[in-house]
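[1] Build me a model from this:
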Amino acid sequence: MENSTESKKADFPRSFWTANLTELFERGAYYAMASFVVLYLGQLGLGDYWPSNLNGILWTLVFFLPILSGTIADQIGFKKSMLIAFVLLAAGYFTMGYPVWFGNQTLNPIIDSEMTAGIGVLLPVILAITFIGIGGSIIKPCIAGTVQKTAGANITLGFGIFYMIINIGSLLGRGISYLVRTEFDLSYIFAVSVFFSILAFFAVLFFYTEPKSEITEEKPKKSILQILADMVLVLKNSRFALFMIVSSGFFFIYAQVYNVLPLYLQKVVELNPAVDLVTMANPFVIVFFQLLVTKKFGKMKPIKSIIVGIIIIGVSMSINLVPIFMNGGVRALTFGEYIPLGTLFITLTVGLIAFGELFTSARTYEYIGALAPKGQEGLFLGYANLPLAIGALIGGPAGAFIFHEIMCKNATPLESGLLELDPFWNSMGWVLLMGIGFISALSMWLYNRWLKNNPI
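    You can find the predicted model right below:
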């Protein structure tokens, strides 16, 4: 058995394992800070809306720019691209922490609704988001491209390892972030991100070798104009463009894990929430249930699986209605008087969203491949992340509106600094998020019916 295992590992060249190690560090860096971005920016004095708006822009850059950065990486090489990317990422994470570390800014534990931050905060934050967005967008196609080129006949196993590493990196980043921020302060989550980015840079510099594609035919290099022309070609396809819009509903709700949920925990449930530990429920579920869900439901038609996933994410929002009407409300302590009820249900929400992701994410690529015109599958799959970009771009400001204008309507400030929400308006916020999920699922079903009734 040992010899068999060793020969199986030998099928993957060094660049495959280096790419996965690099991905572990990159995901560790990103998720060390991702759960706290809106809270950190709020504590810096950016008010009610700018934190979510800027967080939405960050996610949009990460998911939209690979359309351009992936082609550029193909032209200058993955190794050089990744070295540039990790310099940008390290600079971005450092710049995000700069206002506190060197700009004499202090973090206010009670997030003020008014915008009080000056240019000394805004400029570093905007630069940081730009650097992180561009750097993150370069990494995505480089790592995935390396796995694609080096896995060979073991492509399924290769991507299985890749997705497992993503979630291990997510757990590692969140765990170390928790230890560091509780020992120091919230700004030091960005020091963790800088550290992981530097590790990734040296992993690429010293161990990564440019992969050789199994495909002997050289692909023609594209100019930026050709890339934009391809984008027009793809988006002119009404069937594909409509799918992008309909499927973005799932990612709109997913975006609230990093917008509404942290705000709800910090402003309503507890003053110093462990958002990093709460959001660990996402990678835990994926790591432990991915194989089971694939085995049990892998034969389900892609469109049905996507719809099931969207319904699950809608249900995940609705369960937060339960603690609102229980004795003691969302701040009632449970599990040995340690965990507020609201925190427990938000954790369950994150776990359910991960189940929705298991049903939706991978099957979306399969569905797009079937939807694309013959011979253009690769081109159309290159735009598969657009729904994430759309969901993030709209989800940031819309999530802030839902929380501040609906959930917090008629809220009463408490002496502790938390808000006592009106049960009716609090419920309406969660019902609205649930409704968006269910409407998105219905829209996807109607879209699929329309496709069947209007074949090409």
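[2] alpha carbons only for contacts and neighbour counts from here, please
    Fine.
[3] Domains of the chain: list them as residue ranges, please.
    14-213, 232-456 (automatic domain parsing).
[4] any idea which of those domains is most buried?
    Mean neighbour count (mean count of other Cα atoms under 10 Å) peaks for domain 14-213 among those, with a mean of 21.
[5] Report the rounded mean pLDDT for that one.
    Domain 14-213 carries an average pLDDT of 91.
[6] Begin at 7, not 1, for the rest of this chat.
    I'll keep to 7 as the first residue from here, and by that count the last item is domain 20-219.
[7] what's the spacing between that domain and its chain's center?
    11 Å (Cα atoms, centre = their mean, to the nearest Å).
[8] re the thing from before, would you list the domains of the chain in JSON lines and tack on distance to Q232?
    Shown next, in JSON lines, are the domains of the chain (distance: least, Cα to Cα, whole Å):
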{"stretch": "domain 20-219", "distance to Q232": "10"}
{"stretch": "domain 238-462", "distance to Q232": "10"}
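[9] tell me what the host helix or strand of L129 is packed against?
    Using DSSP states H and E, L129 sits in helix 125-156. Packed against helix 125-156 by the contact rule (3 or more Cα pairs under 8 Å, 6 or more residues apart in numbering; DSSP states H and E) you find helix 20-39, helix 56-70, helix 72-82, helix 84-107, helix 161-189.
[10] got the contact list for the first one?
    Helix 20-39 has contacts (Cα atoms under 8 Å, 6 or more residues apart in numbering) with 149, 152-153, 156-157, 168, 171-183, 195-196, 198-203, 205-206, 209-210, 213-217, 282.
[11] one more time with 6 Å, if that's ok
    If you take Cα atoms under 6 Å, 6 or more residues apart in numbering as the criterion, helix 20-39 is touched by 149, 153, 156, 171-172, 175-176, 178-180, 183, 195, 199, 202, 206, 214-215.
[12] Tell me who's in contact with T366.
    Counted by Cα under 6 Å, 6+ apart, T366 has contacts I312, G315.
[13] ok, 10 Å please
    253, 256, 308-316, 318, 360 (Cα atoms under 10 Å, 6 or more residues apart in numbering).
[14] Let me know the closest of the residues you listed to P403.
    F256 (16.1 Å; Cα to Cα).
[15] And the contacts of T366, which is closest to L439?
    Looking across the contacts of T366 and measuring by Cα to Cα, the closest to L439 is F256, at 10.6 Å.
[16] quick one: which helix or strand includes the closest one?
    In this assignment (DSSP H and E), F256 forms part of helix 244-261.
[17] sorry, back to before: now render the helices and strands packed on helix 125-156 as JSON lines, adding distance to N278.
    Shown next, in JSON lines, are the helices and strands packed on helix 125-156 (distance: least, Cα to Cα, whole Å):
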{"stretch": "helix 20-39", "distance to N278": "15"}
{"stretch": "helix 56-70", "distance to N278": "18"}
{"stretch": "helix 72-82", "distance to N278": "35"}
{"stretch": "helix 84-107", "distance to N278": "18"}
{"stretch": "helix 161-189", "distance to N278": "10"}
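[18] And those helices: which comes nearest K415?
    Closest approach to K415 among those (Cα to Cα): helix 56-70, 18.3 Å.
[19] what is the orientation angle of the closest one with helix 125-156?
    Helix 56-70 and helix 125-156 are oriented at 20 degrees to each other (axes from the mean of the first three to the mean of the last three Cα atoms, to 10 degrees).
[20] and the angle for helix 56-70 with helix 244-261?
    If you take the same axes, to 10 degrees, helix 56-70 sits at 140 degrees to helix 244-261.
[21] counting contacts, what elements does helix 56-70 pack onto?
    When contacts are defined as 3 or more Cα pairs under 10 Å, 6 or more residues apart in numbering; DSSP states H and E, helix 56-70 packs onto helix 43-49, helix 125-156, helix 244-261, helix 392-407.
[22] One more pass at 7 Å, please.
    If you count contacts as 3 or more Cα pairs under 7 Å, 6 or more residues apart in numbering; DSSP states H and E, helix 56-70 packs onto helix 43-49, helix 125-156, helix 392-407.
[23] who's in contact with the shortest one?
    Taking Cα atoms under 7 Å, 6 or more residues apart in numbering as the criterion, the residues outside helix 43-49 that touch it are P57, S58, N61, L113, N114, P115, I116, I117, N265, P268, L269.
[24] tell me the angle of the helix or strand that contains I359 relative to helix 244-261?
    Following DSSP H and E, one finds I359 within helix 347-377. Put simply, helix 347-377 runs at 160 degrees to helix 244-261, going by the same axes, to 10 degrees.
[25] Contacts for whatever helix or strand V238 lives in next, please.
    Using DSSP H and E, V238 sits within helix 230-242. For helix 230-242, the external contacting residues (Cα under 7 Å, 6+ apart) are A247, F386.
[26] how far off helix 244-261 does that helix point, in degrees?
    If you take the same axes, to 10 degrees, helix 230-242 sits at 90 degrees to helix 244-261.
[27] Can I get helix 230-242 in PDB, CA atoms only?
    The C-alpha trace of helix 230-242 is given here as PDB (Å, rounded to 0.1, in the frame of the first residue of the first chain):
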ATOM      1  CA  ILE A 230      -6.400  43.600 -24.000                       C
ATOM      2  CA  LEU A 231      -8.600  44.600 -26.900                       C
ATOM      3  CA  GLN A 232      -9.200  41.000 -27.900                       C
ATOM      4  CA  ILE A 233     -10.100  40.200 -24.300                       C
ATOM      5  CA  LEU A 234     -12.700  43.000 -24.300                       C
ATOM      6  CA  ALA A 235     -14.000  41.800 -27.600                       C
ATOM      7  CA  ASP A 236     -14.500  38.300 -26.100                       C
ATOM      8  CA  MET A 237     -16.300  39.900 -23.200                       C
ATOM      9  CA  VAL A 238     -18.700  41.600 -25.500                       C
ATOM     10  CA  LEU A 239     -19.200  38.300 -27.400                       C
ATOM     11  CA  VAL A 240     -20.000  36.400 -24.200                       C
ATOM     12  CA  LEU A 241     -22.300  39.100 -22.800                       C
ATOM     13  CA  LYS A 242     -24.200  39.500 -26.100                       C
END
